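Engineer: Mind folding the following:
(2 chains)
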There are 2 protein chains.
Amino acid sequence: MTTRAVASAAATVANLGPGFDVIGACLEGPRDSVTAELTGDGLVTLVAVTGDGGKLAPSGGNVVEVVARHVLDRFAAPGTGVKLWLDKGLPLGSGMGSSSASSVAAALAVAALIDSEIPKAALLDACREGERLAAGTPHADNVAPCLFGGIVACLPGDGEVVHILPLPVPDGLLVVAVKPEYDVKTSDARAALPKTVSMDDAVHTAAATAAFVMGLANGDYALMARGCDERLATPSRKGFVRGYEGVVAAARRVGAVGAGLSGSGPTIYALSDDRETAIEIAEAMVDAFSEAGATAKAVISGVDPHGAQVSLLDV
Amino acid sequence: MTTRAVASAAATVANLGPGFDVIGACLEGPRDSVTAELTGDGLVTLVAVTGDGGKLAPSGGNVVEVVARHVLDRFAAPGTGVKLWLDKGLPLGSGMGSSSASSVAAALAVAALIDSEIPKAALLDACREGERLAAGTPHADNVAPCLFGGIVACLPGDGEVVHILPLPVPDGLLVVAVKPEYDVKTSDARAALPKTVSMDDAVHTAAATAAFVMGLANGDYALMARGCDERLATPSRKGFVRGYEGVVAAARRVGAVGAGLSGSGPTIYALSDDRETAIEIAEAMVDAFSEAGATAKAVISGVDPHGAQVSLLDV
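Structural biologist: Predicted coordinates for the structure are as follows:
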């Protein structure tokens, strides 16, 4: 009999509100799932990729391999290896944290087989190595909410250290995430970022962050709306997303609290405090993408307070 | 018998924490006071300036005149004039909101004589005209906390509109403000600001703002400390303040939660949650200024939740 771990990790919306590279939210789904089984060969073997990851090579350079290697090196006895099966529920290049969900699920699955007491916080750095592979920088605003759940702010520390600050999540907050059929490569979106921004935009971002965070803390959706205006990254990235302006305008017109690029896009998210409104927002956004020539799919999700989950099974 | 209004408005620390041009706090003192008496001559007459404002011309271009004119034009019957007496408790060019305190006291005194029902919020724009005269821009992060009290964030709206967001003030928060004997002209400090900042510093500022605001909300001084790192304006302004690095380091060494330039300096503020520590911080900062060749004076103050005050008296 062999023990396997099955971990599941959800989509995330990074760059939430004004929080480019800072604020991210964990959705309830869609989810990636990683099954892991320890071996004695010292190797990390990605056995199969199923689901929405058809474009991924079955092995060699997948984030789950990199992350699994980091977890083994840090926590396992020398010579320990692992076999991995990755099931992609998240589309690639969607801006919904596809690589993060794989990374987090891999870290959690491998860690659970080594020692059930390893805390999630000890896995953050390994997950960020997956982001380094996927996007070129170990940014934490997808992996942190994916791992811990809720809405979090990633605070810079010394060097590459980040501190994770859980932010309050107002009752009833819903995220509408609408993905057009085309992809945006995270690395392209990151390469498009300017090295400098205007002082006005930097000050505006700080003020918007104060508004958004206090809006979350007070459950004040009008205040959150005031903060939902991302000016550091969106101006140089929205060109990758055909229909961006129309989709955001459509969401706002039917009552979205705010809307913007999810991660580096092309998914556009909107926020709502009401399920019926969220459905209208989703329809309006899909229609607006359609007017821009893109078929799009909507997800409506609450914010998952728990984050990634893992369970062990004997096979 | 004539009715006069006497209004009093306190020092403020703008650019508090990471909040350049965004976050300001109202101290309990020192304070400026404006006495006003309506006339029928349609003129704004600054009769006298007393106190620490010896360098101010007695009339012609003082912020109190500009502000009084705005309040008269907006709220008073045509032909109404006002005589003003300004008593400066705040030093000029200190970075503690000297012009703001005068502006706010003037607005409140004149308004109280016209109609006691004029809300403070209706006076913000007039006060900001004082800032436009003094500093070249109608920034609100001194006049807003001065007028309303507490700690506030100034959120940009359309054009020059700002929305004022009260932030929570943790129990026991003390501000140590230490002013060296020399002045910094606000207009010089503003001219030194760069037009652009690095993306890293903009993102850092947003993250620091999230930390500082949540620290205020949770009374979490360690989190506030993490956010007390202003990178937009301070790098180009600290050169105006001899001893800046040493004074900030001295404050931190003896337990300050954070420290930085108050407004555009040269006053340096530090935060503490404990009165004995605040006294030590004040001494350490004065000593550090002394090592840099400057005599300095310290004020230790709580955050005044009420803001500027006005009363009427018959003379």
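
Engineer: Now do the helices in chain A.
Structural biologist: A:63-75, A:98-114, A:124-135, A:143-148, A:186-191, A:199-218, A:221-227, A:234-237, A:244-253, A:275-291 (DSSP state H).

Engineer: Let's have those helices in JSON lines, adding mean neighbour count and mean pLDDT.
Structural biologist: C-beta: built from backbone N, CA, C; applies to glycine. Shown next, in JSON lines, are these (neighbours: other C-beta atoms under 10 Å in any protein chain shown; pLDDT from 0 to 100):
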{"stretch": "helix A:63-75", "mean neighbour count": "23", "mean pLDDT": "97"}
{"stretch": "helix A:98-114", "mean neighbour count": "30", "mean pLDDT": "97"}
{"stretch": "helix A:124-135", "mean neighbour count": "23", "mean pLDDT": "93"}
{"stretch": "helix A:143-148", "mean neighbour count": "30", "mean pLDDT": "98"}
{"stretch": "helix A:186-191", "mean neighbour count": "16", "mean pLDDT": "82"}
{"stretch": "helix A:199-218", "mean neighbour count": "25", "mean pLDDT": "97"}
{"stretch": "helix A:221-227", "mean neighbour count": "21", "mean pLDDT": "96"}
{"stretch": "helix A:234-237", "mean neighbour count": "18", "mean pLDDT": "96"}
{"stretch": "helix A:244-253", "mean neighbour count": "20", "mean pLDDT": "98"}
{"stretch": "helix A:275-291", "mean neighbour count": "19", "mean pLDDT": "98"}
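
Engineer: so can I have a markdown table of these showing distance to chain B?
Structural biologist: Below are those laid out as a markdown table (distance: least, C-beta to the nearest C-beta, whole Å):
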| stretch | distance to chain B |
| --- | --- |
| helix A:63-75 | 23 |
| helix A:98-114 | 18 |
| helix A:124-135 | 15 |
| helix A:143-148 | 12 |
| helix A:186-191 | 11 |
| helix A:199-218 | 4 |
| helix A:221-227 | 6 |
| helix A:234-237 | 10 |
| helix A:244-253 | 15 |
| helix A:275-291 | 24 |
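
Engineer: Out of those, flag the one nearest residue B:7.
Structural biologist: helix A:199-218 (28.2 Å; C-beta to C-beta).

Engineer: Which secondary structure elements does the closest one sit against?
Structural biologist: Using 3 or more C-beta pairs under 8 Å, 6 or more residues apart in numbering or on different chains; DSSP states H and E as the contact test, the elements touching helix A:199-218 are strand A:162-167, helix A:221-227, strand B:151-156, strand B:162-167, strand B:196-198, helix B:199-218.

Engineer: any idea how chain A splits into domains?
Structural biologist: Chain A breaks down by automatic domain parsing into domains covering A:3-167+A:304-314, A:174-302.

Engineer: closest one to residue B:41 among those?
Structural biologist: domain A:174-302 (41.8 Å).

Engineer: Can you give the distance from that closest one to the centre of its chain?
Structural biologist: Counting by C-alpha atoms, centre = their mean, to the nearest Å, domain A:174-302 is centred 14 Å from the centre of its parent chain.

Engineer: Quick one: end-to-end distance for that domain.
Structural biologist: 5 Å (C-alpha to C-alpha, to the nearest Å).

Engineer: thinking again about what came up before, using CSV, please lay out the helices of chain A together with distance to residue B:249.
Structural biologist: Listed next are the helices of chain A as CSV, based on distance: least, C-beta to C-beta, whole Å:
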stretch, distance to residue B:249
helix A:63-75, 36
helix A:98-114, 39
helix A:124-135, 30
helix A:143-148, 31
helix A:186-191, 36
helix A:199-218, 24
helix A:221-227, 34
helix A:234-237, 38
helix A:244-253, 45
helix A:275-291, 50
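
Engineer: Mind checking those for the one nearest to residue B:27?
Structural biologist: Evaluated over the helices of chain A, closeness to residue B:27 peaks at helix A:199-218, with 20.3 Å, by C-beta to C-beta.

Engineer: Pull out the C-alpha coordinates of that closest one and format them as PDB.
Structural biologist: Output in PDB follows, covering the C-alpha atoms of helix A:199-218 (Å, rounded to 0.1, in the frame of the first residue of the first chain):
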ATOM      1  CA  MET A 199       4.800  60.900  -9.000                       C
ATOM      2  CA  ASP A 200       1.100  61.600  -9.400                       C
ATOM      3  CA  ASP A 201       0.300  58.000 -10.200                       C
ATOM      4  CA  ALA A 202       2.500  56.800  -7.300                       C
ATOM      5  CA  VAL A 203       0.700  59.100  -4.900                       C
ATOM      6  CA  HIS A 204      -2.700  58.200  -6.400                       C
ATOM      7  CA  THR A 205      -1.900  54.500  -5.900                       C
ATOM      8  CA  ALA A 206      -1.000  55.100  -2.200                       C
ATOM      9  CA  ALA A 207      -4.200  57.000  -1.600                       C
ATOM     10  CA  ALA A 208      -6.200  54.300  -3.500                       C
ATOM     11  CA  THR A 209      -4.600  51.600  -1.400                       C
ATOM     12  CA  ALA A 210      -5.600  53.400   1.800                       C
ATOM     13  CA  ALA A 211      -9.200  53.700   0.500                       C
ATOM     14  CA  PHE A 212      -9.400  50.100  -0.700                       C
ATOM     15  CA  VAL A 213      -7.900  48.600   2.500                       C
ATOM     16  CA  MET A 214     -10.200  50.700   4.700                       C
ATOM     17  CA  GLY A 215     -13.100  49.800   2.500                       C
ATOM     18  CA  LEU A 216     -12.300  46.100   3.000                       C
ATOM     19  CA  ALA A 217     -12.000  46.700   6.800                       C
ATOM     20  CA  ASN A 218     -15.200  48.600   7.100                       C
END
